[in-house]
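Enquirer: Structure of the sequence below:
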Amino acid sequence: MQIRDSIVSLGDGIHVEVRRITHPDPGSPLQSPRPTLVFLHESLGSIALWRKFPERLAKATGYDALIYNRLGYGSSSDEELPRPYDYQEREGAVILPRLLDELGLDKVVLIGHSDGGSIALIAAGALGERAHALITMAAHTYADQLTIDGITEMMDRYQTTDLRAKLQRYHGARTDDLFQAWHTVWLDEAFDESLDFSDWLAGIQCPSMIIQGEVDEYGVPEQVTDIVAGIGASAQPLFLPDTGHSPHLEKPDQLLEAVCDFLLGIKPPKSRISY
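Expert: Okay, here's the model as predicted:
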């Protein structure tokens with residue numbers, strides 16, 4: 001495998017920091033191209049905060065991978081502040097498709113954590129047949145009381161512990177802006193009232209695994225069951241025991257096994273060969 005970091009221009013003065021993990025070309029022109037794993041990070045996440053999970057999953061499946069920093073993160077362009085209510089729709093239905101087009105990626109597996117999971121739901125609905133599969137971890141389609149309580153507690157930790165210093169290792173001078181953008185929008189009642197994922201969920205056509213830790217401190221189990229109900233028969237829930245909000249950090253081995261079984265169990269579409 002080869003790992004490369006670069007900056008990709010999307011036009012209009014927008015650029016995105018990406019990391020790509022690639023394998024040698026499979027060779028046969030008759031072989032259906034392998035999908036690319038696309039990782040979407042949480043509100044306080046980044047490329048680096050995925051740790052080794054993308055690399056491990058790419059190696060285990062043989063798929064290439066794309067990890068990128070959203071606008072406002074890392075070396076990507078600045079995001080609009082204050083964060084607009086429709087930022088998830090903009091990311092999933094506008095920015096991500098533009099990035100995939102620029103990189104020439106037509107077949108993808110969307111893997112999103114927390115806020116990135118919510119964006120992955122939107123992207124799966126927007127991309128249609130381009131989405132080979134969808135995997136979310138701790139995705140939210142509304143702000144439940146557990147979400148609100150968890151964010152409020154995190155605000156207190158940010159002000160009274162070394163949490164701010166830890167986040168600065170990854171976000172540098174952007175740390176305060178990112179933290180404020182996150183908690184401000186999610187604690188705004190008008191934001192929750194504006195959320196409507198129904199059309200995006202109904203538009204998802206691909207096999208979907210909707211994951212949450214059984215002791216997730218930021219979301220109730222209904223987040224999973226409501227998402228699965230919204231997608232329909234192609235979606236399946238997975239609750240990981242003794243796991244909180246970040247399965248890829250807390251239980252990477254168990255998560256890797258579950259995701260590999262899911263992805264490798266998807267039947268590839270039949271190829272048409274002309275004679």
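
Enquirer: immediately after the helix or strand Tyr158 falls within, which helix or strand?
Expert: Using DSSP states H and E, Tyr158 sits within helix 145-160. Following helix 145-160 in sequence order, the next helix or strand is helix 163-171 (DSSP H and E).

Enquirer: what about whichever helix or strand comes after that following helix, average pLDDT?
Expert: Next helix or strand after helix 163-171 toward the C-terminus (DSSP H and E): helix 175-186. Mean pLDDT, computed over helix 175-186, is 96.

Enquirer: so what secondary structure elements neighbour helix 175-186?
Expert: helix 145-160, helix 163-171 (3 or more Cβ pairs under 8 Å, 6 or more residues apart in numbering; DSSP states H and E). Just so you know, the C-beta spots here come from the backbone N, C-alpha and C atoms, and that holds for glycine as well.

Enquirer: residue nearest the centroid of this protein?
Expert: Note on the chain: the residue nearest the mean C-alpha position is Gly112, at 2.0 Å, using Cα atoms, centre = their mean.

Enquirer: And for that residue, nearest residue in space, chain neighbours not counted?
Expert: Distance criterion Cβ to Cβ, 6 or more residues apart in numbering; nearest residue to Gly112, sequence neighbours excluded, is Ala120 at 3.1 Å.

Enquirer: next one: Leu163
Expert: The nearest residue in space to Leu163 (Cβ to Cβ, 6+ apart) is Arg157, at 4.7 Å.

Enquirer: Per-residue pLDDT of the one you found, please?
Expert: pLDDT recorded at Arg157 is 96.

Enquirer: So it sits against Leu167, correct?
Expert: No: here Arg157 lies out of contact with Leu167, judged by Cβ atoms under 8 Å, at a distance of 10.6 Å.

Enquirer: Strands along the stretch 1-150 of the chain, start to end?
Expert: Taking DSSP state E, counting those that start in this stretch as the test, the strands found in the stretch 1-150 of the chain are 2-11, 14-22, 36-40, 64-68, 108-113, 131-137.
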